[in-house]
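In: structure for this input, please:
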Amino acid sequence: MKIVFDLTDLYDHLTGIERYAMELSYHMITRHKDNTYVLIFKERVHKRFAEIVRRPNVRAVVIKKCNKLLFRQVVLPAKLSSIRAGAYIFPAFPEPWISGPGNVITAVHDMACWDCGENMKALSAWYFRLSNIHTFFCARNILTVSNFSKKRIETFVSQSSILKNRGIEDRILLVPDGFDGKQLINAGAGVKVKEKYNLPDRYILTLSTLEPRKNLALLLKAYGQLIMEGNDIPDLCLAGRSGWKIEKILSAKEDFGSEVLDKIHFLGFIEDNDLPYLYKGADYFVFPSKYEGFGLPPLEALGYGCKVLSSDASAMREILRKSVWYFKNNDIENLKSKMIELCNVSHEETILKKKYAKAVLARYTWENAADRLYNYLCR
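Out: Residues are numbered from 1 along each chain as shown. Got it, this is the predicted structure:
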């Protein structure tokens, strides 16, 4: 079978959605060599695929960048229409609205644009809502990453007069995220990463796109209150690229003086090769998100041996199970209590959590995800 992967979104900084696209396609190619693959990139071949595109069953197509909307809705479908394939997979963002080839398989990672659209810019929320509806009508199959997201899609469809009774539920394919864990850690590189990001000796880490849905304002307020109450806890490092409505996050700092602000570090976007050292060096990782279809950063943190404190929102308990500590979603007092607890957790409890983490990491691998998608395609 010839399979086309849209990897044009890898041109921008990677978030969990783009990483899903990158790793799912990469492991499909390396594990299932009986297919031929066409990989569509924007501006240049992504470095992850620099070697793999030389294989005889893999072809790279590079499209020049332009206005994002024009690129997505005109340039990309024009290029796709010239490629005949058995499946066209859009693993990051929705397929173009303009009619193109059939056999489209599109990932809907979550229903955030419907469930918490107020945390997005209005135009973006409506763009993704319209794209979801287009996908539900037109895609041969819909990929999603958790039972939580699958049930949200099914509920949405069942309550829609124009979508119900169209067999959409039967077209949903569950293909979760994964963790690779093959990157080696060495002390010398760790020292360089510490210097590169000016990391403190001890720190609590959070990593995500800096946008309201990730609830970083709650984390900043909780952390600031803990410091002002006299608690001796490590510095707080926030990593990740800026997203929409970032000013709502930054406003949480306005109530704090220098004794708090001096202990908060905004690291910005983190290079892929630096991530393992960042996770490895943290006292623990905290993930305060209000809503997630999967939540990849906590899984990555577990993979590099970092203790994790997560909100109990949406898919988090389904994915992480007993491997992490939880706080009640959006409850600042509960978050503060758990942050203190994680600073003083016993060795025995840490060992028990690592045992649970091993089982979670065995369950969610990119190899498993690629095999699952391949088996769906072969049905």
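
In: CA only for contacts and neighbour counts going forward, please
Out: Fine.

In: give the contact list for residue 40.
Out: Applying C-alpha atoms under 8 Å, 6 or more residues apart in numbering to residue 40 gives the contacts 4, 5, 6, 7, 8, 60, 61, 62, 63.

In: now do 6 Å
Out: For residue 40, the contact set (C-alpha atoms under 6 Å, 6 or more residues apart in numbering) comprises 6, 7, 8, 61, 62.

In: so the first one touches residue 92, yeah?
Out: No - counting by C-alpha atoms under 6 Å, residue 6 does not reach residue 92; the two are 8.0 Å apart.

In: out of those two, which sits in the more crowded spot?
Out: Shown here are residue 6 and residue 92; by other C-alpha atoms under 10 Å, residue 6 has more neighbours (27 against 24).

In: and the gap between that one and residue 56?
Out: Distance of residue 6 to residue 56, given as C-alpha to C-alpha, to the nearest Å: 19 Å.

In: please apply the same query to residue 301.
Out: 36 Å.

In: so which of the two has more stuff around it?
Out: Each of residue 301 and residue 56 has its neighbours counted (other C-alpha under 10 Å); residue 301 has more, 25 against 9.

In: now the nearest residue to the more buried one once chain neighbours are set aside: phi and psi?
Out: Nearest non-adjacent residue to residue 301, counting by C-alpha to C-alpha, 6 or more residues apart in numbering: residue 279, 5.6 Å away. Main-chain torsions, residue 279, degrees, to the nearest 10: phi -60, psi -50.

In: next structured bit after the worst-scoring helix or strand of the chain on mean pLDDT?
Out: In the chain, no helix or strand scores lower on mean pLDDT, DSSP states H and E than helix 246-250, which sits at a mean of 63. Using DSSP states H and E, the helix or strand that follows helix 246-250 in sequence is helix 258-261.

In: coming back round to it: and the residue nearest to residue 301, how far from residue 304?
Out: Distance of residue 279 to residue 304, computed by C-alpha to C-alpha: 6 Å.

In: please say which of these two ends up with more neighbours.
Out: For the pair residue 279 and residue 304, the greater number of neighbours falls to residue 279 (25 against 18), based on other C-alpha under 10 Å.

In: what does the pLDDT read for the more buried one?
Out: At residue 279, the model reports a pLDDT of 94.

In: look up how far residue 194 lies from it.
Out: 11 Å.

In: go on, residue 76?
Out: Remark: distance between residue 76 and residue 194 (C-alpha to C-alpha) = 40 Å.

In: who has more neighbours, these two?
Out: residue 76 (22 against 16).

In: secondary structure element for the more buried one?
Out: Assigned by DSSP H and E, residue 76 belongs to helix 76-80.

In: what mean pLDDT does that helix get?
Out: 93.

In: show me which positions of that helix end up buried.
Out: For helix 76-80, a neighbour-count test (16 or more other C-alpha atoms under 10 Å) marks 76, 77, 80 as buried.

In: with stretch 233-242 instead?
Out: Residues of stretch 233-242 classed as buried under the neighbour-count rule (16+ other C-alpha under 10 Å) are 233, 234, 235, 236, 237, 238, 239, 240, 241.

In: adjacent strands (with direction) for the strand or helix carrying the fifth one?
Out: Right, residue 237. Using DSSP H and E, residue 237 sits within strand 235-239. Applying DSSP bridges, strand 235-239 is found paired with strand 203-207 (parallel), strand 264-268 (parallel).

In: could you chop this structure up by domain?
Out: 2-178+366-377, 187-363 (automatic domain parsing).

In: can you give me the pLDDT of the nearest residue to residue 43 once chain neighbours are set aside?
Out: By the measure of C-alpha to C-alpha, 6+ apart, the closest residue to residue 43 outside its immediate chain neighbours is residue 64, 4.7 Å from it. The per-residue pLDDT reported for residue 64 equals 96.

In: residue 97 now?
Out: Turning to residue 97, the model gives it a pLDDT of 89.

In: my read is it is in a strand, agree?
Out: No - counting by DSSP: H, G, I helix; E, B strand; the rest coil, residue 97 falls outside a strand, being coil.

In: count of neighbours near it?
Out: Burial of residue 97 is recorded as 15 neighbouring residues (other C-alpha under 10 Å).

In: from residue 96, how far off is the closest residue to it other than its chain neighbours?
Out: Spatially, and ignoring its direct neighbours in sequence, residue 97 is nearest to residue 73 (6.2 Å; C-alpha to C-alpha, 6+ apart). Residue 73 is 5 Å from residue 96, where distance means C-alpha to C-alpha.

In: among the two, which residue is more densely surrounded?
Out: In this view residue 73 and residue 96 are compared by other C-alpha under 10 Å, and residue 96 has more residues nearby, 19 against 15.

In: could the buried residues of stretch 233-242 go into JSON lines alongside distance to residue 31?
Out: Formatted as JSON lines, the buried residues of stretch 233-242 follow (distance: C-alpha to C-alpha, whole Å):
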{"residue": "233", "distance to residue 31": "45"}
{"residue": "234", "distance to residue 31": "42"}
{"residue": "235", "distance to residue 31": "42"}
{"residue": "236", "distance to residue 31": "40"}
{"residue": "237", "distance to residue 31": "37"}
{"residue": "238", "distance to residue 31": "35"}
{"residue": "239", "distance to residue 31": "32"}
{"residue": "240", "distance to residue 31": "31"}
{"residue": "241", "distance to residue 31": "32"}
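
In: want to throw those residues into a markdown table with distance to residue 125 and pLDDT?
Out: Converted to a markdown table, the buried residues of stretch 233-242 look like this (distance: C-alpha to C-alpha, whole Å; pLDDT from 0 to 100):
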| residue | distance to residue 125 | pLDDT |
| --- | --- | --- |
| 233 | 38 | 96 |
| 234 | 37 | 97 |
| 235 | 34 | 97 |
| 236 | 31 | 97 |
| 237 | 29 | 97 |
| 238 | 25 | 95 |
| 239 | 24 | 94 |
| 240 | 21 | 87 |
| 241 | 19 | 81 |
